[in-house]
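Novice: Return a 3D structure for these sequence lines:
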Amino acid sequence: MPDWCIDYLNTHTGSSVDIQQAMQSLTLSTRSLAGESFQDGNTALFVARVRAPIEKELGCNMAHPLRPRGAGVDFLCITVVACTLCGSRHSRNHYLARPILDHCFYMRNYAKKCIPRAYNWDNHHIIKKLIAYPATDLPYCRILHAVFRDRGYTLVYAYKDGATTGRFLCFDGLLWQELPRNVVAREVEAICGTVLDSLIKYVKPRLGCEDKEEIEMINKQKAQLKRGRTYISRNSNTNSIVDMYRTQYGDNDIEGKLDTNPDLLVACNGVIDLRAGECRSGEPEDYMAKKLDTYYNGLESSTKDIDEFMLDIFDQNTDLIEYVQRLLGYGITGHTSEQCWLILTGSGGNGKSLLVGLLEKLLEKWYVTAPYDIFFKSNRRAQAGGPSPHLGTMRGARIC
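Specialist: Presented below is the predicted three-dimensional model:
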C-alpha cells in the first residue's frame, strides 16, 4: 500500500493502526477479505478503516474485494458512472473503456442489472428506438446529445431574437463557443458511426448459445444496426439529423443571457469572480462567451512592474494612483451605477496611450472603441423610434 494511504489513514481514523501487523495478517491470509470476519481484531479494524477514507480521497470506489498481495494489500480503483441510457449507476474500469466512455451498451456484460437477458434493450430507450427505427433522425439526435453531455459538454441551438435562424453553441467546460454547422454534421457521423460500429461488433450471441430465438433476435438487431450505419453515411441524412437536433435542443433565450453577468470574467485557467477575486471552474449557467487571452494568478501574485509603471506616469501621486486603480477595477465589471467619464490629459509621451493600450490588450473583446455618434450629434436626421446602430456596437462592452 502506498505510504500516502497509510499516512492518510493514521491521520483521519482517529487512532493509529498497526500497519505492519495488519499487513502480516493479510499476507498470511489466502481468503478474500471483503465480506468476511476475522479473528485478528487488528486486521478487521484495518480493513474496516481502509476502504472509506481512501475512496473519499480518490473520489472512487475500491474494487470488491480487497486481496492480499506480497507485503501489502492490492485493490483496484473503479470509477462509478451514471449510465446515460438507462439511469443506473455502473462501474467502469480499464477493460470497459471505449472511445466513447460511460455508455453501458459498449460491452454486453457491463452490468447484469442493466441487461437481464442478452441484448434486452428495454431499459435503454435510445438504443431500443435506434434498433426499431434505424432510418429516422431522432435516435441519432439523442445519441449525439448524450455523448456530448457525458464528455462534459452541452450542445444547444441558439435562436436569435425569436427568429428561425441561429447558431450552434457548445459549452466546453469554461465558456460557450459557437460550433459551425458543418462541424456538428461531422460529429453526427463520427459519434453515431462509432456507436453503431461498436454495437455491430459486440452484439452477438453468447458463447455456446443454442437458443434459436435469441440468435434470430440478435441477427435482426445487427441487420437493423447495419441499416442505420448506411443511413448516417449519407451527407443528406446527417444534415437532416442536424436540423432535427435544432428542433429538439433549441434555446430561444440563451443569446440574451450571454455575457450579462457583470461580476464574471473568463481567463484561460478559469472563471474569475470579480467580487471575491477568486478563480473557479466554469458553469453553463454562467453564460459566458468571451475569454481573456491571459491566465489569472490570483490576488497574491506580484504586481511590481505595473506598480512601477503607475508611479511613473502619475508622478508618484499615490492618492491619484489609488483612485485610478479603483476606477479601472470598477470598469472591468459590467456594473454601470457609477456614472464616471475618465479623461486622461497631459503632454505627449507621458503614458496615456500606453495605459489605454494595456487595457485594450488585456480586455480584448470587452474593450470597445466608442463610435463618433456616441459623443457628437450627427447631421443625419434621426427618426423617432428608429434604429441606433452605433449603440449596438457598445453591447457587452466593459470599457470603451
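Novice: In this structure, what residue spans correspond to helices?
Specialist: 3-12, 19-28, 41-58, 125-132, 138-150, 181-202, 212-232, 235-248, 254-257, 304-313, 318-331, 352-363, 372-375, 389-392 (DSSP state H).
Novice: For those helices, state which one has the densest average packing.
Specialist: Ranked by mean neighbour count under mean count of other CB atoms under 10 Å, these are led by helix 138-150, which reaches a mean of 21. C-beta here means a position set from N, CA and C on the backbone, and glycine is covered the same way.
Novice: so what does that one touch, helix or strand wise?
Specialist: helix 125-132, strand 154-159, helix 181-202, helix 235-248 (3 or more CB pairs under 8 Å, 6 or more residues apart in numbering; DSSP states H and E).
Novice: Show me how the record splits this protein into domains.
Specialist: Segmentation of the chain into domains, based on automatic domain parsing, reads 3-75, 112-257, 264-299, 328-400.
Novice: among those, where is the model least confident on average?
Specialist: Confidence, taken as mean pLDDT, is least for domain 3-75 of the domains of the chain (a mean of 44).
Novice: sorry, back to before: adding distance to residue 283, write the helices of the chain out as CSV.
Specialist: Below are the helices of the chain laid out as CSV (distance: least, CB to CB, whole Å):
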stretch, distance to residue 283
helix 3-12, 30
helix 19-28, 42
helix 41-58, 24
helix 125-132, 26
helix 138-150, 14
helix 181-202, 23
helix 212-232, 32
helix 235-248, 23
helix 254-257, 13
helix 304-313, 30
helix 318-331, 24
helix 352-363, 22
helix 372-375, 34
helix 389-392, 28
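Novice: of those helices, which approaches residue 287 most closely?
Specialist: Across the helices of the chain, residue 287 has its closest neighbour in helix 254-257 (4.2 Å, CB to CB).
Novice: just the CA coordinates of the closest one, formatted as CSV?
Specialist: Provided in CSV are the C-alpha atoms of helix 254-257 (Å, rounded to 0.1, in the frame of the first residue of the first chain):
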residue,chain,number,x,y,z
ILE,A,254,-29.6,31.8,-24.4
GLU,A,255,-28.5,34.5,-26.8
GLY,A,256,-29.9,37.2,-24.5
LYS,A,257,-28.1,35.7,-21.5
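Novice: And that helix, what does it pack against?
Specialist: Looks like helix 254-257 contacts strand 154-159 (3+ CB pairs under 8 Å, 6+ apart).
Novice: Tell me the strands beside the strand it packs on, with direction?
Specialist: Its sheet considered, strand 154-159 pairs with strand 166-171 (antiparallel), strand 250-251 (parallel) by DSSP bridges.
Novice: any idea which of the ones you listed is most buried?
Specialist: Mean neighbour counts for the strands paired with strand 154-159 (mean count of other CB under 10 Å) peak at strand 166-171, with a mean of 19.
Novice: In space, what's closest to residue 346 - neighbours in sequence excluded?
Specialist: residue 352 (6.3 Å; CB to CB, 6 or more residues apart in numbering).
Novice: Contacts only, for the one you found.
Specialist: Contact analysis of residue 352 by CB atoms under 8 Å, 6 or more residues apart in numbering lists 313, 344, 345, 346.
Novice: Distance to residue 368 added to the strands paired with strand 154-159, as TSV?
Specialist: Listed next are the strands paired with strand 154-159 as TSV, based on distance: least, CB to CB, whole Å:
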stretch	distance to residue 368
strand 166-171	21
strand 250-251	26
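Novice: Can you say which of these is nearest to residue 241?
Specialist: Among these, strand 166-171 sits nearest to residue 241 (CB to CB), with 12.9 Å.
Novice: Of the helices of the chain, which is nearest residue 159?
Specialist: Of all these, helix 254-257 comes closest under CB to CB, at 7.2 Å.
Novice: residues in contact with that closest one?
Specialist: Taking CB under 8 Å, 6+ apart as the rule, helix 254-257 contacts 156, 158, 159, 160, 161, 166, 169, 176, 287.
Novice: so which of these comes closest to residue 200?
Specialist: residue 156 (30.2 Å).
Novice: mind listing what the closest one touches?
Specialist: Going by CB under 8 Å, 6+ apart, residue 156 touches 168, 169, 170, 249, 250, 251, 254.
Novice: Can you spell out which residues form a bridge with the fifth one?
Specialist: When bridges are taken as DSSP bridges, the partners of residue 250 come out as residue 157.
Novice: hang on, it packs against residue 166?
Specialist: Yes - at 7.5 Å, residue 250 and residue 166 qualify as touching, with contact defined as CB atoms under 8 Å.
Novice: Need the overlap of contacts for those two.
Specialist: In contact with both residue 250 and residue 166: 157, 158, 159, using CB under 8 Å, 6+ apart.
Novice: For residue 292, which non-adjacent residue is spatially closest?
Specialist: Ranked by CB to CB, 6+ apart and with sequence neighbours excluded, the top spatial neighbour of residue 292 is residue 267, at 5.0 Å.
Novice: how close does the one you found get to residue 154?
Specialist: Here residue 267 is placed at a distance of 21 Å from residue 154 (CB to CB, to the nearest Å).
Novice: for residue 251, same thing?
Specialist: With CB to CB as the criterion, residue 251 and residue 154 are 10 Å apart.
Novice: what does residue 358 give?
Specialist: 35 Å.
Novice: same question, residue 367
Specialist: In terms of CB to CB, residue 367 sits 28 Å off from residue 154.
Novice: With residue 399 instead?
Specialist: Counting by CB to CB, the separation of residue 399 from residue 154 is 30 Å.
Novice: show me the contacts for residue 246.
Specialist: Applying CB under 8 Å, 6+ apart to residue 246 gives the contacts 157, 166.
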